[in-house]
Every structure is written in structure tokens, then in C-alpha cells.
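*Asks:* build me a model from this:
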Amino acid sequence: MINNSVEAFENKSGVIEIKFVEECQKNKVIIKDNGKGMSKEIVTKFMKNKQVDSTKEGGHGIGMQQVRDTLRQMNAYMSIDSIEGIGTEITLTFPKSDYPSWFTDKIALHKGDTVVILDDDPSIHSVWENRLKEYLGYITIKCFTQGSDAIDFINSSNEKDTIFLLTDYELRNQDLNGVDVVEKCEIQKRSIVVTSVYVYRINDFLEKFKITKLLPKAYIDRISITIEENRKNKDVNIVFIDNDEFFVNALPIFWEENGLTADMYTNLLDFLDNLNKYSKDTKIITDYELADGMNGLVLANQLHEKGYTKLYLLSGKQFKENEIPSYLTVIFKGDADFLEKLL
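*Replies:* Residues are numbered from 1 along each chain as shown. Next up, the predicted model:
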């Protein structure tokens with residue numbers, strides 16, 4: 001499309017303006033030039049997918065059929081506004097897509113975090129340091145080129161839950177990769193693998209990563225970064241995890257009436273990302289049927305192993321004897337009296 005605009009200048013000087021416009025459900029790319037423009041007849045032919053005779057020197061085709069085919073494959077469309085002697089404006093409109101499940105669209109850090117950057121290319125350290133420099137009043141940055149050094153640093157930390165790992169996948173001339181580092185440090189929930197390998201190994205990554213996310217290196221400059229208070233949340237009395245948004249949204253009124261503060265999660269990964277904020281004696285109530293391949297019993301077991309002591313399972317299911325471990329209390333859905341006693 002840009003080549004067409006250049007050729008419309010016919011070896012004279014001209015200007016091409018390219019805009020990106022983001023709207024609610026779609027994105028637009030607008031290419032505007034002040035070239036020779038097109039007649040209404042030619043524009044109509046283009047829009048009706050009719051063959052247009054080439055007017056270019058040497059007789060080369062204008063390539064619009066390829067453009068149309070590409071747009072059609074992406075469920076996108078094109079509009080043309082052109083005036084002869086004035087110029088042409090072409091708008092390409094693309095539907096917005098959801099991020100793939102493996103893609104990281106933001107990095108959520110807490111005040112006091114140590115961001116560990118592991119990459120065998122020192123230039124990537126510089127890119128991350130430049131990206132994170134505005135947050136240096138709130139976080140600390142540690143850079144490593146050797147995976148073994150990063151593992152030693154993370155595992156020897158007295159405050160491991162304040163570490164956030166940004167690691168490359170391919171570590172040249174080393175006997176481990178970024179995935180190995182994440183697993184050896186057991187910080188899957190606060191790790192992102194920053195790599196370009198995903199392009200040809202995406203299926204391997206999708207199977208390997210259940211919680212840890214991927215970030216293509218090309219997106220380092222674009223990723224959203226937030227800094228939140230690293231509170232242990234002694235002021236939060238209850239954490240509630242349930243996929244039913246209607247049910248979850250109705251509960252805060254109940255908590256407020258009892259003078260309590262609760263954090264509500266409908267997404268398991270969001271809860272796991274924020275787990276380190278909660279003290280070990282926080283009451284955590286989880287629904288039995290959770291998404292992301294995990295049920296409430298499995299989650300409760302993981303929380304118990306991490307030292308959380310007040311765990312409750314919300315369910316309508318009748319469990320068999322000895323099916324519920326001693327550290328977990330079952331609350332039957334609809335048992336408002338029990339909930340009130342618990343509060």
C-alpha cells in the first residue's frame with residue numbers, strides 16, 4: 001500500500017502519512033498521500049474486486065488483489081477515499097483479537113520487589129534497565145547472564161516472594177534453559193519467559209507452561225508495567241475465589257454488613273499472582289470447581305504446603321469420608337449461617 005502511494009508521486013516529491021487508530025472493537029491503519037489520486041471509476045473497480053488495468057511505467061500490476069486477499073483472511077476490510085490531483089486516503093480496518101493464552105500483556109510488580117533479569121545477551125539487560133528505570137524508587141534490579149548464578153541468588157533470598165524473574169529461554173553454552181531456572185527456583189507464578197523462540201516452539205511452550213507466561217522480546221518496549229503496594233494485607237480478612245462472577249459480585253455487600261474487607265477473584269491466575277500479599281492467617285475460601293485445570297482441593301493443598309492455615313472449600317458436593325484433609329473446612333453453598341459464624 002505504501003509502495004502504491006510512492007508510485008503515485010510519479011517521481012515528484014510528496015508526503016505519506018500513516019496513522020494507527022484504536023477503537024473499542026477494531027483497529028484502523030490509515031495511509032494517506034498527496035499523490036495524483038484516482039478517479040471514482042477506478043476506486044469503484046477496486047472496491048468491487050474488479051481487475052484494474054495497470055497505469056504504471058513498465059506495466060506492473062498494482063497489487064490490490066493481494067491486499068484484498070490478505071484482508072479477507074484476517075476478517076478485515078478496506079475503504080478508499082481519493083480525489084484526482086489531490087491524493088488518496090486508504091483505511092484498513094481490523095477486528096480486535098484477544099491475546100493468546102500464553103501471552104503476557106502486563107507486568108504487575110509490588111513495591112519492594114527485586115526484578116531478576118536473566119539473559120545471556122547483555123544488550124537485553126540494557127533494554128530492560130531502560131524500560132524499568134522510572135520504577136527504581138520502588139524496585140531493585142539484579143542482572144545475570146548465567147542461569148546457575150540466578151538460581152543461587154533467588155534460592156538464597158530470605159524474601160523469595162518479593163522476587164520477579166524475567167528470563168530468556170535459550171541460554172547459550174549453558175546446561176539449562178529459562179524454563180529450568182523457573183522450575184528450580186519454584187517461582188512459576190512470578191516469572192515471565194522473555195523469548196523469540198515461541199515463534200517455532202509455541203506448542204511446546206503451551207504444554208510446558210501452566211502458570212508462567214511468555215513475552216516475545218519484540219514487546220519489551222510495549223508491555224504495560226504497574227507498581228502496587230506490597231501489603232501483607234492484614235486489613236483483608238477474607239479472600240474469595242469463585243468463577244461465578246454474579247455470585248462473587250454479590251458478596252461484598254455481605255462482607256461490608258459484617259464490617260469486613262474481602263478480596264474477590266474470579267480468575268485463579270489473578271489470585272496466584274497476588275498470593276504473596278496475604279498473610280498466612282488470612283481466611284481463604286475457594287470454590288470447588290475452578291477453571292485452569294485445577295479444583296479447590298488441589299489449590300487448598302498447594303496453599304497448605306505454603307503455610308496458609310485458614311482454608312475453606314465452598315461446594316455443593318457431598319464428599320466421602322476422609323476425602324477432605326484435616327486442614328480444610330467445607331462450606332456448603334447456601335449455608336449462610338455457617339458463613340456468618342465464620343465471619
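
*Asks:* show the contacting residues for I285.
*Replies:* 238-241, 312-314, 331 (CB atoms under 8 Å, 6 or more residues apart in numbering). Glycine gets a C-beta too; all of them are placed from N, C-alpha and C.

*Asks:* narrow the residues you listed to those in strands?
*Replies:* With DSSP state E as the criterion, strands contain 238-241, 312-314, 331 from among the contacts of I285.

*Asks:* which of these are buried, as a PyMOL select command?
*Replies:* To isolate the buried members of the ones in strands among the contacts of I285 in PyMOL, using 16 or more other CB atoms under 10 Å:
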select buried, resi 238+239+240+241+312+313+314
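
*Asks:* in a markdown table, list the ones in strands among the contacts of I285 along with distance to L268.
*Replies:* Shown next, in a markdown table, are these (distance: CB to CB, whole Å):
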| residue | distance to L268 |
| --- | --- |
| I238 | 17 |
| V239 | 12 |
| F240 | 12 |
| I241 | 7 |
| Y312 | 16 |
| L313 | 14 |
| L314 | 14 |
| I331 | 18 |
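
*Asks:* what's the closest of the ones in strands among the contacts of I285 to T44?
*Replies:* T44 lies nearest to I241 out of those, by CB to CB, at 57.2 Å.

*Asks:* so what touches the host helix or strand of C143?
*Replies:* C143 is part of strand 140-144, with elements assigned from DSSP states H and E. Strand 140-144 is contacted from outside by 113-119, 125, 128-129, 132, 150, 153, using CB under 8 Å, 6+ apart.

*Asks:* adding distance to E186, write those residues out as a markdown table.
*Replies:* Listed next are the contacts of strand 140-144 as a markdown table, based on distance: CB to CB, whole Å:
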| residue | distance to E186 |
| --- | --- |
| D113 | 17 |
| T114 | 16 |
| V115 | 18 |
| V116 | 14 |
| I117 | 19 |
| L118 | 15 |
| D119 | 21 |
| H125 | 24 |
| W128 | 23 |
| E129 | 26 |
| L132 | 24 |
| A150 | 13 |
| F153 | 14 |
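
*Asks:* okay, and which of the residues you listed map to helices?
*Replies:* Among the contacts of strand 140-144, DSSP state H puts 125, 128-129, 132, 150, 153 in helices.

*Asks:* mind checking which of these are buried?
*Replies:* Neighbour counting by 16+ other CB under 10 Å classes 125, 128, 132, 150, 153 among these as buried.

*Asks:* please report how far the residue nearest to F319 when sequence neighbours are not counted lies from A262.
*Replies:* Nearest residue to F319 in three dimensions, chain neighbours excluded: V330, at 6.5 Å (CB to CB, 6 or more residues apart in numbering). According to CB to CB, to the nearest Å, V330 stands 19 Å off from A262.
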